[in-house]
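[1] quick one, fold the following:
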Amino acid sequence: MNFTQAISSGFSNYVNFAGRAIRSEYWYWVLFVVIASIVASIIDAVLGIRLFNPIFGLAILLPSIAIGVRRLHDIDRSGWWLLLNFIPLIGAIVLIIWFCSRGTEGANRFGPDLLGALGQISPRPAI
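    Model prediction:
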């Protein structure tokens, strides 16, 4: 999944908490949010008012939660694990590790393997 597909998927599935989101979809979404937040902050600084950054934050709140839940589904975890964000430092570290990990191969209880469907699975090295 490329950058534009990930952004399109994030906004078109903004209240879809079912299914799975592959790593590239999640991390391209994070990259988009960081870049857009910086741009909104610059616009606010130039205009001298705090308007665009809070509006942008509200606009991406639900899509960000939804894509985080779908990313957790990809590693076969419930979306409720997203509440780990409320545990200072430790929760964020655990979530970052999970978000960086590869999703489960094949179908899990949240749906089919999207990487397998896209034909992008590379064989895992023998351990």
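[2] state the phi and psi torsions of N108.
    For N108, the backbone dihedrals (degrees, to the nearest 10) come out as phi -130, psi -170.
[3] from what I see, it and D76 are in contact.
    Yes - contact criterion CB atoms under 8 Å: N108 and D76 qualify, at 4.5 Å. Quick note: C-beta positions are derived from backbone N, CA and C, even for glycine.
[4] between the two, which is the more surrounded one?
    Set side by side, N108 and D76 give different neighbour counts by other CB atoms under 10 Å, the larger being at N108 (16 against 12).
[5] R50 - nearest residue in space that isn't next to it in sequence?
    Leaving aside its sequence neighbours, R50 sits nearest to D44 (CB to CB, 6 or more residues apart in numbering; 5.3 Å).
[6] and that neighbour, which of the three is it?
    Three-state assignment for D44 (DSSP: H, G, I helix; E, B strand; the rest coil): helix.
[7] that one: neighbouring residues, count only.
    17.
[8] OK, contacts around the nearest residue to C100 once chain neighbours are set aside?
    Closest residue to C100 apart from its sequence neighbours, by CB to CB, 6+ apart: R23 at 7.2 Å. The neighbours of R23, taking CB atoms under 8 Å, 6 or more residues apart in numbering as the test, are 71, 74, 99-100, 102-103.
[9] buried subset of the residues you listed, written for ChimeraX?
    Here is the ChimeraX selection string for the buried members of the contacts of R23, based on 16 or more other CB atoms under 10 Å:
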select :71,74,99,103
